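Trainee: Everything below, folded, please.
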Amino acid sequence: MSSSEDQSALLQAAQRGDTRAFTLLVKPLMPALQSFTYRMVGQPDDAEDLRQEALLRAFVQLASFRGESSFKTWLFSITTHVCLDHIRSKRRWRENAKVHAQEACRSSLPLRGELEATLAAPGFTFDAREHIAFCFTCVARSLPPEQEAALVLREIFEFSNREAAAMVGVSESVLRHHLEASRKQMEATYEGLCALVSKQGVCYQCKELRDLAPEAKRGPAVPDIGAATDAKEERFRHRLTIVRDAPLAAGKARVLHDLIFRRIAAAEQAR
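Mentor: Reported below is the predicted structural model:
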């Protein structure tokens, strides 16, 4: 039996209420689904809750699935709406939220102690590529929710315009508008924030965190984002490649990013 026949049999069984068949049906998609909710929300506890909520909704609504799109697209559409509902209920993060978190850590001995303990934890290795992906999520959380979803679905998970538009619940022309607006905003934000390519940038987290980690846990050097003389669109495109490839939700530095995400989410919601 081919894989497509296997999936069809599992789908039919799951539509009849077979929970084991549903588990097997979604199992191959779980890493991507986990990565998507984590990158969209930027708070690990919320991301896990939302992933579970999306799976529950999918199971309940599975009888209505008619195969007009792939099962993956259908499942991501449900998950996108779950994430958007959540993000709309929260404050948008400031563009420089991670810089505020950095300053808070510098001024608080308990926070700095927690950070240093995390950097020295067994199994931890700092990876600047993962941190660039973390930074991307922090900045993307400052966008309007629909723009963030369009950017993540199209640029990070590489769904087509048609698929991404259906997931967000807009026309393709509106999706293209969201993409253009989000790219311009992200490019502008990085110009004033990231010190990797701009002398005016105020954020040096990649280098500072790597230097703060024990030498054996520093991982590879901070990657070259591009020269300051390159067009900012080109630098952003290079950054997207790094972000897309980095295992943010499953990397060796996740414990660090969980910690910082939680701190930022709490601070941004409370301000």
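Trainee: so which helix or strand takes in the residue nearest to the spatial centre of the chain?
Mentor: Centrality entry for the chain: nearest residue to the mean C-alpha point is residue 39, 1.3 Å, by CA atoms, centre = their mean. Secondary structure here is read from DSSP states H and E; on that basis residue 39 sits in helix 30-41.
Trainee: which helices and strands does that helix pack with?
Mentor: Applying 3 or more CB pairs under 8 Å, 6 or more residues apart in numbering; DSSP states H and E, one finds that helix 30-41 contacts helix 44-61, helix 71-88, helix 128-140. Where C-beta positions appear, they are placed from N, C-alpha and C, glycine not excepted.
Trainee: Remind me what the last one packs against, helices and strands.
Mentor: In terms of contact count using 3+ CB pairs under 8 Å, 6+ apart, helix 128-140 is assigned the packing partners helix 30-41, helix 97-107, helix 172-193, helix 205-212, helix 232-245, helix 254-270.
Trainee: Select from these the stretch with the lowest mean pLDDT.
Mentor: When the helices and strands packed on helix 128-140 are compared on average pLDDT, helix 97-107 comes out lowest at a mean of 85.
Trainee: tell me which residues in it are buried?
Mentor: Within helix 97-107, the residues that qualify as buried are 97, 98, 99, 100, 101, 102, 105, counting by 16 or more other CB atoms under 10 Å.
Trainee: As TSV, these with distance to residue 44 would be great.
Mentor: Formatted as TSV, the buried residues of helix 97-107 follow (distance: CB to CB, whole Å):
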residue	distance to residue 44
97	16
98	16
99	21
100	19
101	15
102	19
105	18
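Trainee: between those residues, which is nearest residue 165?
Mentor: residue 97 (28.4 Å; CB to CB).
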